[in-house]
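In: Sequence and predicted model, in that order:
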Amino acid sequence: MLAALTAAGCAPGRTVVPVRMQPAAALAAPPAALDLSSHEATVRSVAGVIVRDLGLPLPDTVTVYVYSSRSIFEQGLVDDGHVSRIRAAELSDFAAGVGKRRQLLLLHHEANVASAEWVRLVAHELAHVSQIELAEGEGRAEQWLAEGMAEWVAFRVLERLRLDTVVRRRLVAVEAVRDHEPVMARRLDLATLGTPRGFTVRHLREGSQPTYQLAYLLADYLIARDGLDGVVGYFRSFATRGDRRGNFAAAFGQSLEDFEQEALAHLAKFAH
Ligand SMILES: [Zn+2]
C-alpha cells in the first residue's frame, strides 16, 4: 500500500510529477499558453517559452517535486535531490526551489502560490535545469551568472505569459542595487560571487534581494552585449573543460576582472 502511494506520488505534503519535455512541438506554444490548472500544466507552460521561444535545451523528462512545508522540503532535498543534510538545512531556510539535474524541487506555500511568483520560481529553477544540461553538471559555471541568467529567463517567461514586463523587472532591479554596498564601494568581488558557497554567504550577509538583482543586471548586461548565444556557449564549454576562468575568457573575450570593471562602469549609470 505504501509502495503504491509512493509510486503515485501521493505521500502527504509531497507530490511527484514527471513532466515530458519532448517533443518540443508538443509543449504549449506561447503566448496563449498559460495554464496553471496543475503543476504539470504550469511547468509545461513555462517550458514552452524556455524551449520554443528562448531556444534553451531541457532534458526529455523533468521530475517535479512539490513540497507543502519547509520541513518536508528540507527532507525532500536530502531524499529526492541527494543534497547533503547541512546544505539542505541551509537551502530550506531561504530557498523556495532548487533546480537539479533533470529535477525541480519546489516549496509550495502561502508566500509563493500567487501565480506570478510561482511561475517566476518554476522558470528560474527550470533555467538551472537547462544550464545543468548545457554544462553536463552542477555548480560548474560562475554562480552569479547562473543565478543572473536564471532570473533573466524567468523575467522573459513572465513577460511572454503576460504576467509582468521585463522593463518593470529591470527597474525594480536597478532600484535594489543602487544603494547596494558592493556597488557603492565599486568592488563586486565576482570571484567570491562565482562559487555556490560564496554566493550563498554573500546573499545571507548582504541581502538576498539586492544580491540576486545584481546578478540579474550583470547577466542582463552580458546578454545584451554578447547575446543569449554567448552565455549558452559559455555554459556549454563546461561539458568539455572545467576551467572556470579560462572558459569565461574564451566565451566573453575578457578576464573576469576586466568584466567586473566594465560592469561597474555600467552600474554607475544607475547611481543617485
Ligand atoms: Zn537560482
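Out: Received it, and whenever you're ready, just let me know what you need.

In: pLDDT weak spots in this structure?
Out: Residue ranges of the chain with pLDDT under 70: 1-10, 28-33, 111-113.

In: how about the top helix by length along it, does it reach the ion?
Out: Using DSSP state H, we find that the single longest helix of the chain is helix 208-237. No: residues of helix 208-237 are not located near the ion by Cβ under 5 Å from the ion, the shortest gap being 7.8 Å. Glycine gets a C-beta too; all of them are placed from N, C-alpha and C.

In: next structured bit after that helix?
Out: helix 244-252 (DSSP states H and E).

In: C-terminal to that following helix, which secondary structure element comes first?
Out: Taking DSSP H and E, what comes next after helix 244-252 is helix 256-268.

In: Now that next one: buried residues?
Out: Using 16 or more other Cβ atoms under 10 Å as the test for burial, helix 256-268 gives Phe259, Glu260, Ala263, His266, Leu267.

In: and that helix, what other elements does it pack with?
Out: Using 3 or more Cβ pairs under 8 Å, 6 or more residues apart in numbering; DSSP states H and E, the elements in contact with helix 256-268 are helix 190-193, helix 208-237, helix 244-252.

In: and the ones you listed as JSON lines, adding mean neighbour count and distance to Phe94?
Out: Formatted as JSON lines, the helices and strands packed on helix 256-268 follow (neighbours: other Cβ atoms under 10 Å; distance: least, Cβ to Cβ, whole Å):
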{"stretch": "helix 190-193", "mean neighbour count": "19", "distance to Phe94": "16"}
{"stretch": "helix 208-237", "mean neighbour count": "20", "distance to Phe94": "6"}
{"stretch": "helix 244-252", "mean neighbour count": "17", "distance to Phe94": "25"}
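
In: Could you export those helices as TSV, including distance to Arg178?
Out: Shown next, in TSV, are the helices and strands packed on helix 256-268 (distance: least, Cβ to Cβ, whole Å):
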stretch	distance to Arg178
helix 190-193	18
helix 208-237	9
helix 244-252	25
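
In: Helices of the stretch 51-200 of the chain, residue ranges please.
Out: Using DSSP state H, counting those that start in this stretch, the helices of the stretch 51-200 of the chain run over residues 70-79, 85-94, 115-135, 143-160, 166-178, 181-184, 190-193, 196-206.

In: quick one, the third one and helix 208-237 angle?
Out: Regarding helix 115-135 and helix 208-237, their directions subtend 30 degrees when assessed with axes from the mean of the first three to the mean of the last three Cα atoms, to 10 degrees.

In: same question, the fourth one
Out: Direction vectors for helix 143-160 and helix 208-237, defined by the same axes, to 10 degrees, enclose an angle of 100 degrees.

In: Would you check the distance separating helix 143-160 from the middle of the chain?
Out: Here helix 143-160 shows a centroid-to-chain-centroid distance of 6 Å under the convention Cα atoms, centre = their mean, to the nearest Å.

In: so it versus helix 196-206, what angle?
Out: Going by the same axes, to 10 degrees, helix 143-160 makes 70 degrees with helix 196-206.

In: To Asp243, which of the helices of the stretch 51-200 of the chain lies closest?
Out: Across these, Asp243 has its closest neighbour in helix 115-135 (12.5 Å, Cβ to Cβ).

In: now for the closest one, which elements pack on it?
Out: By 3+ Cβ pairs under 8 Å, 6+ apart, helix 115-135 packs against helix 39-48, strand 97-100, strand 103-107, helix 143-160, helix 208-237.

In: Parallel or antiparallel, which strands does the second one pair with?
Out: Right, the one you point to is strand 97-100. strand 103-107 (antiparallel) (DSSP bridges).

In: Now do the contacts for Val17.
Out: Contact partners of Val17, counting by Cβ atoms under 8 Å, 6 or more residues apart in numbering, are Gly9, Ser38, His39, Glu40, Val43, Thr63, Val64, Val66.

In: Of these, which is the nearest to Glu159?
Out: Within those, proximity to Glu159 (Cβ to Cβ) peaks at Val43, which comes in at 18.3 Å.

In: If we ignore the residues flanking it in sequence, what's nearest the closest one?
Out: Distances taken as Cβ to Cβ, 6 or more residues apart in numbering place Val19 nearest to Val43, at 4.8 Å, with adjacent residues excluded.

In: Bridging across strands, which residues link to the one you found?
Out: With DSSP bridges as the rule, Val19 is bridged to Val62.
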